[in-house]
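Asks: need the 3D shape of this:
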Amino acid sequence: MMDVLQQLAYQLTYHREDPILLNSAFFFYYFVVFLFCYLAVSGSKQGRVWVFSLFSLYFFYKACGWYVGLVILSAVVDFILSNRIYREPRLSRKKLLLGISVVANLGMLFFFKYTNFFIGIVNDLHLGHLTPLQIFLPIGISFYTFENLSYTIDVYRGEIAPVKEFMDYVFFLSFFPKLMMGPIVRAADFIPQIAKPYKLTAEDVGKGMYLILTGLFKKMVISDFINQNFVQYIFDDPSKHVGLECLLGVYGYALIIYCDFSGYSDIALGIARWTGFKIPPNFDSPYQSTNITEFWRRWHISLSSWLRDYLYIPLGGNRKGKVRQYINLALTMLIGGFWHGASWNFIFWGGLHGAALALDKLRITFLKKRQYVFKGFSAGFWKVVGILITFHFVCFCWIFFKASTFADAWTLIHQIIYDFQPNVMGTLYEGYKPVFWVMGMAFVLHFLPRSSENWLAKRFEKMPVPASVVVMVVFLWFIIQVKSTQPMMPIYLQF
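Replies: Predicted coordinates for the structure are as follows:
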């Protein structure tokens, strides 16, 4: 009996080496209990808010321990400041209160995420000999910090009115499906839904199940399998692999990061639909993009739109001339890269994308001035060329995003350029046949037209409840059979 209680206590408490994940076995039991409690109070707005908030805070505790206090603290600070901003008639005081919110949120983010990065710079420049601090990066801090900032900024701009009940704001900020890895949800999109009566339609059930199942498939079948059985070997030491193997590893990583992150986002969107909330999609088949501007409209949509609305446009956007526009693009993407992590690799990655966006604006301006219009076969040909160029540029940037150091990134690029060895393709295929088949399947699925996805989602919506249960059980059994023995931490969990 004691062993059972000890095991139960272990499962219910936080352990850094075993955080709760949306694809973990513990989450299944957690979600069943949550759903039972949520449905029991579904007729009461306050009941839904309290049940969801408490379960969300416990979820965050299971993800990063007592750092759950940061979510509560930031909720308290921004709830008070937003209401003060809204009531304050004087513009100067509004700006002061907004400044306090920005400093408080960014200060917390910078302390936990960037302190040791700047200590390293000080030491490298021989400006001092500082000892790095033992700081644990709280999971999800980048996401809920940006949500806090957008909320107070929108209140300051007069675009939304602040919530009057503190628990409503806690609910918005801690909403567990998106807490750890996004999407970055705007208060204007989410908060009005809190007061709406809970009503689950056939469309919600079917669409939610479709999103959850496809998300699990992306994450656990495609991403984890390719990573564990091929890509991680390449990036651990690129010098041990020929150029062709390295190039295929980069293609594999492009699939991994997309399926990992979009899979998690899809699960979050699906759970939200089941609980009566609609969250905007975070991905839109980004590798179908014909240029880098389109890519950033399709990739991590919630972040790119946040950077546009709260950084690029306030910097001046395209309103102050072409040169200033290019500078604004570069600064926005550099900061976007830095948001991903305290590393020169991420800053360089952001810089590459900023430069590419500026060049793309030049290309668009050039074509408009000369009134180039591609039609017929020419339009189709240049669309394919655009997709190939954009995809390979994005893959080139992923090298710096994934590699542990600049040295590893340049070693991998060196292998591709100077030691390609295409003659080893047959040997590689025999050694990694299942991986290459999964990669091929993933690319085919990614490039299917939107109509095929809509058709499949509609089939789920039209299923009777018993059939839906059977499909869910069979799919989960399949996932258990093919999933990796060692659970893979989501990539964006580190951000």
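Asks: which segments of the chain make up each domain?
Replies: Per automatic domain parsing, the structural domains of the chain span 2-198, 203-494.
Asks: can you list those in CSV and add mean pLDDT and mean neighbour count?
Replies: To be clear about C-beta, it is placed using only N, CA and C from the backbone, and glycine gets the same treatment. Output for these, formatted as CSV (pLDDT from 0 to 100; neighbours: other C-beta atoms under 10 Å):
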stretch, mean pLDDT, mean neighbour count
domain 2-198, 89, 17
domain 203-494, 89, 17
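Asks: against W274, how distant is G43?
Replies: 17 Å (C-beta to C-beta, to the nearest Å).
Asks: for V471, give me its contacts.
Replies: 209, 213, 460, 463 (C-beta atoms under 8 Å, 6 or more residues apart in numbering).
Asks: who touches the strand or helix carrying the third one?
Replies: In this case it means F460. Element membership of F460, judged by DSSP states H and E, is helix 450-461. Helix 450-461 is contacted from outside by 202-203, 205-207, 209-210, 285, 468, 471, using C-beta under 8 Å, 6+ apart.
Asks: change it to 7 Å
Replies: Outside helix 450-461, the residues that touch it by C-beta atoms under 7 Å, 6 or more residues apart in numbering are 202-203, 206-207, 209-210.
Asks: just the CA atoms of it, as PDB, please.
Replies: The C-alpha trace of helix 450-461 is given here as PDB (Å, rounded to 0.1, in the frame of the first residue of the first chain):
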ATOM      1  CA  ARG A 450      -6.000  22.500 -48.300                       C
ATOM      2  CA  SER A 451      -9.100  20.900 -49.700                       C
ATOM      3  CA  SER A 452      -7.900  17.400 -48.700                       C
ATOM      4  CA  GLU A 453      -7.400  18.500 -45.100                       C
ATOM      5  CA  ASN A 454     -10.800  20.100 -45.000                       C
ATOM      6  CA  TRP A 455     -12.400  16.900 -46.500                       C
ATOM      7  CA  LEU A 456     -10.800  14.800 -43.700                       C
ATOM      8  CA  ALA A 457     -11.800  17.200 -41.000                       C
ATOM      9  CA  LYS A 458     -15.400  17.100 -42.300                       C
ATOM     10  CA  ARG A 459     -15.400  13.300 -42.100                       C
ATOM     11  CA  PHE A 460     -14.500  13.500 -38.400                       C
ATOM     12  CA  GLU A 461     -17.300  16.000 -37.900                       C
END
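Asks: and the next element down the chain from that helix?
Replies: helix 465-482.
Asks: which residues touch K94?
Replies: Contacts of K94 (C-beta under 7 Å, 6+ apart): 85, 88, 156.
Asks: show only the entries of these found in strands.
Replies: Among the contacts of K94, none falls in strands (DSSP state E).
Asks: closest one of the residues you listed to I335?
Replies: Y156 (20.1 Å; C-beta to C-beta).
Asks: nearest spatial neighbour of that closest one, chain-adjacent residues omitted?
Replies: L98 (4.7 Å; C-beta to C-beta, 6 or more residues apart in numbering).
Asks: which residues touch that neighbour?
Replies: L98 touches 85, 152-153, 156, counting by C-beta under 7 Å, 6+ apart.
Asks: make TSV out of the residues you listed and add distance to S174.
Replies: Formatted as TSV, the contacts of L98 follow (distance: C-beta to C-beta, whole Å):
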residue	distance to S174
I85	22
T152	17
I153	20
Y156	23
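Asks: which pair in these spans the largest distance?
Replies: Most distant of the contacts of L98, by C-beta to C-beta, are I85 and I153, 9.6 Å apart.
Asks: quick one, what contacts the closest residue to I301 other than its chain neighbours?
Replies: Closest residue in space to I301, ignoring its immediate chain neighbours: N282 at 5.3 Å, by C-beta to C-beta, 6+ apart. Residues in contact with N282 (C-beta under 7 Å, 6+ apart) are 182-183, 262, 265, 300-302.
Asks: picking up where we left off before, what's the farthest-apart pair in the contacts of V471?
Replies: L213 and M463 (11.9 Å).
Asks: out of the contacts of helix 450-461, which is nearest to G107?
Replies: K207 (39.6 Å).
Asks: I figured that closest one hits W274, correct?
Replies: No - taking contacts as C-beta atoms under 7 Å, K207 lies outside contact range of W274: 9.3 Å.
Asks: longest helix in the protein, by number of residues?
Replies: helix 91-124 (DSSP state H).
Asks: from the chain's centroid, how far away is it?
Replies: Centre-to-centre, helix 91-124 and its host chain are 22 Å apart (C-alpha atoms, centre = their mean, to the nearest Å).
Asks: please apply the same query to stretch 281-293.
Replies: The answer for stretch 281-293 is 14 Å, by C-alpha atoms, centre = their mean.
Asks: how about stretch 89-103?
Replies: 30 Å.
Asks: which SSE is the spatially closest residue to G317 that is not a sequence neighbour in?
Replies: Nearest residue to G317 in three dimensions, chain neighbours excluded: N328, at 6.3 Å (C-beta to C-beta, 6+ apart). Assigned by DSSP H and E, N328 belongs to helix 322-340.
Asks: who does the helix or strand just after that helix touch, helix- and strand-wise?
Replies: For helix 322-340, the following helix or strand on the C-terminal side (DSSP H and E) is helix 344-369. Applying 3 or more C-beta pairs under 7 Å, 6 or more residues apart in numbering; DSSP states H and E, we find helix 344-369 packed against helix 292-298, helix 322-340, helix 376-402, helix 406-418.
Asks: one more time with 6 Å
Replies: Where contact means 3 or more C-beta pairs under 6 Å, 6 or more residues apart in numbering; DSSP states H and E, helix 344-369 is packed against helix 292-298, helix 322-340, helix 376-402.
Asks: neighbours of A202, how many?
Replies: For A202, the neighbour count with other C-beta atoms under 10 Å is 14.
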